[in-house]
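1. okay, sequence plus prediction incoming.
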Amino acid sequence: MSKIELTHIDKYYGKNHVLKDLNLTIEDGDFMTLLGPSGCGKTTTLRVVSGLEKPQNGIILMDGKEIVNAAEASFAPPSKRNLNLVFQSYALWPHMTVFDNVAFGLRIRKENSETIAKKVASALDRMQIGEFAKRYPTELSGGQQQRVAIARAIVSEPRLLLLDEPLSNLDAKLRVDMRAELKRLHHETGTTIIYVTHDQVEALTMSTRIALYRKGELVQVAPPLELYDNPVNLYTADFIGNPSINFVKGTAQVEAGGMRVDSPLGQMGFERGDMTEAAPQSGSVDVTIGVRPEQLSISRQADDAHWVEGHVYSGMPAGSETLVSVRVGDTMLTVKELGSTHYASDEPVYLGFNPKKVNVFETKSENLIKYCV
Amino acid sequence: MKPLDQSYSKSRRFKNQVKAVVTNPYNVIVLVAIVLLTYLIVLPLVDMLSTTFQLAQRDLRATGGTMADVGKFTLYYWQRLLASDLSWNLLFKPLLNSLTIGVGVSVCAIALGSILAWLMVRSDLPFKPFFSLAVIIPYMIPSWVKSQAWLSMFKTPRVGGAPGFIAALMMNAGVSTEQIEAILSPIAYGRLAIIIVLTLHYYAYTYLLVSAALNSINSELEEMGEIQGASKPLILRKITLPLVLPAMLSAVILTFSKAIGTFGTINYLGSPVSFRTLSSELYSNSKSQNTQTAFAMAILMICIASLSVFINQRLIGARKSYATIGGKGGRSTPIGLGGWKPIVTIILFIFFIVGIIMPVIILILESCMLKEGTYSLSNFTLYYWIGEGDPNIMEGVSGIFKNETFMMSLVNSLKLTLVNGVFGTIFGQMLGYICAKGRGKLHGKLVEQLVFIPYLIPSVAFGGIYLSMFSKPQTLFGVTLIPALYGTFALLTLTSVVKHLPFASRAGTSNMLQISGELEEAATIEGAGFFKRFVKIVFPLSKGGFISGFMLIFVSIMKELDLIILIMTPKTSTLPYLAFQYQNQNCPQASNCVAIVMFSIVFLVYALANIFGDADLAKSMAG
């Protein structure tokens, strides 16, 4: 229910430049995930938006209204921004019951006790923890504490909900459950959500858009599938996807109409229409081909659809899928095949793929030059 | 590059900046704290230093100056102290005595305290609940009371008054006075006596600090050593000891600076054989209005204390936070003492009986003896407790419970400890809050440093500075800020609060550091302002720490003598001062009565705080 615009945000801790000229727009109703390895500035961005940190440079608009103008040293206090935050540690007050924890903000705003009771009850019910209202946080399990923290954040119906790695302290199963829960919450309330995580699966499954960070800078902001299919550079391609994307070195002859790529995967031709604007116009360049493991198909016989010869390094069947490492020349490729198949080590196999579905990056600049279509 | 940068208004920026600073109560509190600390700590120090360079009227004759020279710059005092014929007696001999006492007490107290801490925390010693209470008791008995007990035990006939317990026994056995003198005198008075008595007092610091450090060590660290094949002594030496070393070094500082600054014990046990230290010289110089010399001595003592802190910090260095890194405490498997167990237990029992219970019993016994040193049943009386004034005893002064002076001192003491406990704790926790929130920032460091200074100033000297500074009205630009405080309760309170700030704020810092910043941030997000956060979040979460901090101040002010001895006037007398006076009037029984009352109060309050609040002295001290 709220649009956030960050422009030219710089944040330093002492000499440490944490956010570097950050520009990011979060549309009304977005589920925006800030994704990146630890220490890349995602949490700092969240804290800057929340008002707990003051950036040294830049402007933040919320629904067109200025809430931060670093040049004029004007910073709206967090409580004036109509947002709420769920901390990684949950930050539940240990000396208050679940009810008091959730009711705290409403009491600060001096709402009458009837309204408070009603709102708290509804928030607790929504998180399915109504029966724990009288308990203290230490008497709850991690998952229940997590729900209390979210209930506390949504009880005041903020226009913007900030979540700082909320699932990282939960065990694997609970984490999957909570993902569904959060996605549902976003759908029901329509609140704009900014969600910080270093887990790409969380990002891909939950968000409407993902902002990928690298050392305090934004690398790419895009919907999950776009980020997955057409990463703008090698860094993004490598970060997104599990198992990781396969990289194969090659050389390309670029002409006005397109390019021809030679690599251990054979010779491929691409049309200009599938190429990015950043692609060179002509000449010979070193390129890196990116192929997702699920794009590769594997066969024990060579045929029209399987033309790349390789040898199995190791096969890893896991019930629903099988991951196979295949050595092609000097390159190691991971193949993901549905179902369970056993491959012997050093067994000769043949790989194939649809050239339209691969990404091509210029090795030197690391940028994408050919889309997956 | 950034077009937005040009379009701002400088005046709005300035206005916003000022508004942000002024409307944030935290900033205001920090500012007030810094101003007050500067006024109450730095200024007196500067005042003290400049006094030592100003000629006083009484020294005009010695320097050959005229009235016009009064207040002029002079090196007379420093020269007299450091480089004159008098230097040896005035400075170097007492200094040497101070240092030997300081080193002696530190070594003994650290050894004793560490061993006790290890036994209590890590070994499978039996009767732990009893021992862990007993081991704290010395902290509650002031050192001068212990000195009194020591005298009751070992006093020789020579010094006047009745002989002590041992001497009386020897006399009954027919040993001649000269022989008694020869045997007992070296034990009863002087260096050895002082070191023993002070060790029995100050080991409590080491015990508290080291046991806190030991508690925070995960025993898995030691078990890992065992798996690697190390023997128990080797584990102790190579793993446990290095981990608690920082705590031990802190304890050295605490003990050393306290020991060289102590005065009461020196007065009791040193003066009969003219054993003088810097602190006793400081006291006598102050008392005889030799303010400049006294202050110069105080400055030297501050330098010694600062030096020891500096060396300590160099030694600890980056390893300061070992104990906390070491783990979450978690599991702790006691180490078996094996065949040593009964022996260690018996030794400990003897130690507690001789070192702790005996002094108390002697004090109680003596307080009930009409004539001290006469151990016969007919000599026992409750006169000193409840006697109506008898002109033949104690110049007609009645027993303490019938005595107005005592009642007044009792009320004064209670008032002082209560007021101080409350104010000291509040200020301490506030300063602790600033230190904890401002960690690594300039203002946090500044406050931390400022608050630490009173710690370096010897108690007697601190009382002296405040006496000279606040005896006259304090004015600023012609406006009287503070009227003359001489002889008032306010001066007593002010001195005690400021002198105890290092402890109080340390307790506060460790208390506040336990509250995660996110708990407060969560409240900020909800719209709670500074005061609301303090009342609703910070205070409830730190209640235990508040009570511990209160205890720490209460205990140490209740028994405080050195600090307020110069400020005392008959009307503001407290229990320790009254006991001191009785002792000086050669009436140890009455003095003992007062000491017992005082000890009972301290013990009672401590017990109550332990039962009803989760007060823990060790936690507050460990910082």
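-> All right, it came through fine.

2. ok, B:V497 - contacts?
-> Applying CB atoms under 8 Å, 6 or more residues apart in numbering or on different chains, we find B:V497 in contact with B:420, B:423-424, B:427. Every residue, glycine included, has its C-beta placed from N, CA and C.

3. return the member of the residues you listed nearest to chain A.
-> B:F427 (23.4 Å; CB to the nearest CB).

4. so where does the closest one fall, helix or strand?
-> Here B:F427 sits within helix B:404-437, counting by DSSP states H and E.

5. buried sites along the helix or strand that that helix is followed by?
-> Next helix or strand after helix B:404-437 toward the C-terminus (DSSP H and E): helix B:442-456. Within helix B:442-456, the residues scored as buried using 16 or more other CB atoms under 10 Å in any protein chain shown are B:443-444, B:446-448, B:450-456.

6. same check on stretch B:127-139?
-> Neighbour-count burial for stretch B:127-139, counted by 16+ other CB under 10 Å, picks out B:131-132, B:134-139.

7. now the terminal residues of that stretch, how far apart.
-> 20 Å (CA to CA, to the nearest Å).

8. run through who's touching that stretch.
-> B:116, B:119-120, B:125, B:146, B:200-201, B:203-205, B:207-208, B:345, B:348, B:352, B:355-356, B:555, B:603, B:606, B:617.

9. show the buried residues in those residues.
-> The neighbour-count test (16+ other CB under 10 Å) applied to these identifies B:116, B:119-120, B:125, B:146, B:200-201, B:203-205, B:207-208, B:345, B:348, B:352, B:355-356, B:555, B:603, B:606, B:617 as buried.

10. show me what contacts the closest residue in space to A:G41 that isn't next to it in sequence?
-> Spatial nearest neighbour of A:G41, chain neighbours left out: A:G216 (4.3 Å); criterion: CB to CB, 6 or more residues apart in numbering or on different chains. With contact set as CB under 8 Å, 6+ apart, A:G216 has these partners: A:17-20, A:22, A:40-41.

11. try 10 Å
-> Counting by CB atoms under 10 Å, 6 or more residues apart in numbering or on different chains, A:G216 makes contact with A:10-11, A:16-22, A:36, A:39-42, A:44-45.

12. now for the helix holding B:F427, which elements pack on it?
-> Helix B:404-437 sits against helix B:25-37, helix B:442-456, helix B:489-499, helix B:501-513, helix B:517-525, helix B:543-558, helix B:575-584, helix B:588-612, with contacts defined as 3 or more CB pairs under 10 Å, 6 or more residues apart in numbering or on different chains; DSSP states H and E.

13. check whether the first one comes near chain A.
-> In other words, helix B:25-37. No: applying CB under 10 Å from any CB of the partner chain, one finds helix B:25-37 separated from chain A by no less than 12.8 Å.

14. if we can go back for a sec, farthest pair within the buried residues of stretch B:127-139?
-> The largest separation in the buried residues of stretch B:127-139, counting by CB to CB, is between B:F131 and B:Y139 at 14.3 Å.

15. hey, where'd the helices end up in the stretch 1-150 of chain A?
-> Secondary structure of the stretch 1-150 of chain A (DSSP state H, counting those that start in this stretch): helices at A:42-50, A:98-108, A:113-126, A:142-154.

16. do you know which of the ones you listed lies nearest chain B?
-> Nearest to chain B, of all these, is helix A:98-108, at 3.4 Å by CB to the nearest CB.
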